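[1] What follows is a protein structure lacking sequence information:
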């Protein structure tokens with residue numbers, strides 16, 4: 001039943017204008033027109049019954065002609081269809097003009113001090129302001145003033161005469177009903193306007209809240225994109241800082257390769273059998289393999305992303321340690337890696353490598369200005385029934401209590417601006433949560449040390 005009523009309301013009353021202000025005016029006008037059509041149709045039914053059941057003389061004395069009532073009914077039906085066809089503003093002006101002419105006619109016929117005429121003029125002004133706009137209210141007020149002035153002048157110079165008999169007669173129920181009906185219409189229009197205005201304000205507040213949410217979401221997306229782009233630059237900058245250590249670690253295996261190759265050249269001239277130089281070639285192969293693995297480890301630090309594959313977590317941690325060996329040695333930090341067993345999962349190896357590298361690098365930096373002589377970073381990798389835990393512990397300067405809740409925020413850093421952008425831990429947290437569906441926790445005490453614990457499910 002409710003559904004049918006809503007459909008009926010949508011077809012009969014609901015405005016079609018896309019503009020919110022015009023829609024509100026159209027809505028009020030449609031309600032007024034439908035109400036008037038209903039009242040006139042009711043009056044016509046009563047007049048028809050009187051025509052049928054009363055004699056002709058009594059009908060002519062007590063009722064309006066049927067054709068006159070029908071003409072008025074058709075006129076307001078035409079205004080209603082004009083409004084529903086998209087010409088609500090034109091229908092509103094015609095509606096106001098009819099009421100204005102009716103009030104003017106009443107003033108010319110019975111005098112400008114007739115109460116019903118004054119109230120009709122008030123109704124015109126109120127309706128003009130609500131269903132046609134504030135400017136129309138002022139225009140209507142001026143026209144009412146002009147109409148009253150002209151009628152008063154014409155009656156004063158005796159060009160028109162008013163029937164003043166109503167001034168000597170007491171008010172009857174019909175007069176009270178007329179005045180009450182006009183006041184009721186004014187009150188109804190004001191109520192409808194206030195109701196629609198509150199609805200518009202509520203919609204505006206909802207749109208504002210949704211806009212704030214969309215702006216916040218868009219800002220968050222832009223920050224993430226910006227952070228990712230800066231992080232890419234940061235990785236290249238970090239690679240530049242690591243390059244001195246990279247070349248240092250490449251020199252030894254490269255020297256071994258060159259020496260053994262030269263030895264093969266010298267010894268091969270006098271040795272007819274290949275077995276004699278087999279051990280030398282094995283050393284060359286091992287040194288070359290070490291160079292290849294080291295270069296691959298560094299390459300992972302500057303790769304933006306990888307692909308989902310089966311990989312060994314232990315191997316990625318070892319690669320991260322290999323890249324950071326020079327940095328650790330330079331800072332006199334011992335890197336200790338402990339793992340119960342080899343752990344293999346399916347995922348993005350490069351992302352996990354970045355997690356391990358970032359946490360280990362931060363642990364090494366934790367000893368800067370710590371004043372401690374023994375420096376150790378302990379990395380542990382353990383597997384539970386359905387989860388993996390990676391812990392990185394340092395015994396450096398620790399983190400201040402008021403900074404622990406901020407360390408995963410973008411652009412927050414406890415290091416100098418020259419050494420950090422404050423993006424590492426924020427991006428690591430994002431990688432852990434999105435790529436590995438895990439979480440990261442930190443426990444720290446000033447002057448004692450810090451432990452970062454990463455936990456994520458086995459896949």
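    In hand now; what should we look at? Worth saying up front: this structure is predicted, and the values here are computed from it rather than measured.
[2] Tell me if I am right that residue 162 is in a strand.
    No - the assignment for residue 162, made by DSSP: H, G, I helix; E, B strand; the rest coil, is coil rather than a strand.
[3] and it, what does it touch?
    Contact analysis of residue 162 by CB atoms under 8 Å, 6 or more residues apart in numbering lists 107, 108, 109, 110, 111, 155. Where C-beta positions appear, they are placed from N, C-alpha and C, glycine not excepted.
[4] And the residue nearest to it when sequence neighbours are not counted, its phi and psi?
    The spatially closest residue to residue 162, leaving aside those adjacent along the chain, is residue 111, at 4.0 Å (CB to CB, 6 or more residues apart in numbering). Residue 111 adopts backbone torsions of phi 100, psi 150, taken as degrees, to the nearest 10.
[5] same thing with residue 360?
    Dihedral pair for residue 360: phi -70, psi -40, per degrees, to the nearest 10.
[6] Looking at per-residue confidence, what score does it get?
    pLDDT, residue 360: 92.
[7] Report how many residues lie close to it.
    By other CB atoms under 10 Å, the residues close to residue 360 number 25.
[8] For it, give its distance to residue 88.
    Separation of residue 360 from residue 88 (CB to CB, to the nearest Å): 72 Å.
[9] Contacts only, for the residue nearest to residue 162.
    Counting by CB under 8 Å, 6+ apart, residue 111 touches 155, 162, 163, 164, 167.
[10] Could you turn the buried ones of those residues into a PyMOL selection?
    Buried residues among the contacts of residue 111 (16 or more other CB atoms under 10 Å), as a PyMOL selection:
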select buried, resi 155+162
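[11] For the contacts of residue 111, give me CSV that also has pLDDT and distance to residue 315.
    Converted to CSV, the contacts of residue 111 look like this (pLDDT from 0 to 100; distance: CB to CB, whole Å):
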residue, pLDDT, distance to residue 315
155, 86, 108
162, 81, 108
163, 81, 110
164, 79, 111
167, 74, 109
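[12] Which pLDDT value does the model give the residue nearest to residue 162?
    Per-residue confidence at residue 111 stands at 84 (pLDDT).
[13] got it, and residue 438?
    Note on residue 438: pLDDT of 92.
[14] what about the closest residue to it other than its chain neighbours, how many neighbours?
    Nearest residue to residue 438 in three dimensions, chain neighbours excluded: residue 456, at 2.6 Å (CB to CB, 6+ apart). The local packing of residue 456 (other CB under 10 Å) involves 21 other residues.
[15] Identify each buried residue in the helix or strand harbouring residue 325, please.
    Element membership for residue 325 (DSSP states H and E) is helix 313-330. The neighbour-count check on helix 313-330 (16+ other CB under 10 Å) flags 313, 315-328 as buried.
[16] Can you name the element that comes right after that helix?
    Downstream of helix 313-330, the next assigned helix or strand under DSSP H and E is strand 334-339.
[17] Next, the angle from that following strand to helix 313-330.
    Calculated by axes from the mean of the first three to the mean of the last three CA atoms, to 10 degrees, strand 334-339 forms an angle of 170 degrees with helix 313-330.
[18] Give the partner strands of strand 334-339 in its sheet and their orientations.
    Sheet pairing for strand 334-339, assigned by DSSP bridges, gives strand 376-383 (parallel).
[19] elements contacting the helix or strand hosting residue 345?
    Using DSSP H and E, residue 345 maps to strand 344-348. Using 3 or more CB pairs under 8 Å, 6 or more residues apart in numbering; DSSP states H and E, the elements in contact with strand 344-348 are strand 308-312.
[20] in the strand it packs on, what counts as buried?
    Those would be residue 311, for strand 308-312 by 16+ other CB under 10 Å.
[21] Check stretch 158-171 too.
    Residues of stretch 158-171 classed as buried by neighbour count (16+ other CB under 10 Å): residue 162.
[22] same thing with stretch 95-111?
    Result for stretch 95-111 [16+ other CB under 10 Å]: buried residues 95, 96, 99, 100, 103, 104, 106, 107, 108, 110, 111.
[23] if you average pLDDT over the strand or helix carrying residue 210, what comes out?
    In the assignment (DSSP H and E), residue 210 maps to helix 173-268. For helix 173-268, the mean pLDDT works out to 70.
[24] can you list the residues that contact the stretch of helix or strand residue 69 belongs to?
    Assigned by DSSP H and E, residue 69 belongs to helix 66-84. Residues from elsewhere that reach helix 66-84 (CB under 8 Å, 6+ apart): 16, 26, 29-30, 33-34, 36-37, 40-41, 43-44, 47-48, 51, 88, 90-92, 94-95, 98.
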